[in-house]
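# Here is my input, please return the structure:
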Amino acid sequence: MRQRKAVMKEKGGKLLRLSLDVEGNLIRAARLSGDFFIHPEEGAGAIEEHLAGLPLDEAKVLAAVRAVVAERSLELIGLSPETIARAVVNAK
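Numbering: from 1, shown residues only. Below is the predicted model:
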């Protein structure tokens, strides 16, 4: 298993730090941190859980993040599903 990390800050957004445990082309675990806000707070954990098992594919990650945001009625402040998906594929 390898660790990959990404740090991103989009224009007008907040800082996102992403850490992934990757095996082959699959995400085994993900950790989100930074100066963004997700309400309710346990929403970050829900997103992390939904990333586990996904391939390192921007479209699939984006669809999964959008789905969990909609299912759980999460509010992302200073962060977007697109930023998370880009961070996943850009993690080194």
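# tell me which residues of the single longest helix found in the chain are tucked away?
Longest helix of the chain, by residue count under DSSP state H: helix 58-71. Under the neighbour-count criterion of 16 or more other CB atoms under 10 Å, helix 58-71 has E58, V61, L62, A64, V65, V68, V69 buried. The C-beta positions use only the backbone N, C-alpha and C, and glycine is treated the same way.
# Pretty sure the third one sits against T83.
Read it as L62. No - taking contacts as CB atoms under 8 Å, L62 lies outside contact range of T83: 9.9 Å.
# Next one: E42 from R72, what distance?
9 Å (CB to CB, to the nearest Å).
# These two - which one has more neighbours?
Taking other CB atoms under 10 Å, E42 and R72 do not tie; R72 has more neighbours (15 against 11).
# Skipping adjacent residues, who's closest to that one in space?
A46 (5.5 Å; CB to CB, 6 or more residues apart in numbering).
# Kindly report the same for L79.
Residue nearest to L79 in three dimensions, not counting chain neighbours: F36, with 3.8 Å by CB to CB, 6+ apart.
# so that neighbour touches E75, yeah?
No - contact criterion CB under 8 Å: F36 and E75 do not qualify, at 10.8 Å.
# mind checking the backbone torsions on G24?
Taking degrees, to the nearest 10, you get phi 60, psi -120 for the backbone angles of G24.
# now it: how far from V69?
Taking CB to CB, one finds G24 at 27 Å from V69.
# For P55, list the residues it contacts.
Contacts for P55 were tallied using CB atoms under 8 Å, 6 or more residues apart in numbering; they are N25, L26, I27.
# give me that answer again for 6 Å
N25, L26 (CB atoms under 6 Å, 6 or more residues apart in numbering).
# What of V22?
Here V22 is in contact with R2, R4 (CB under 6 Å, 6+ apart).
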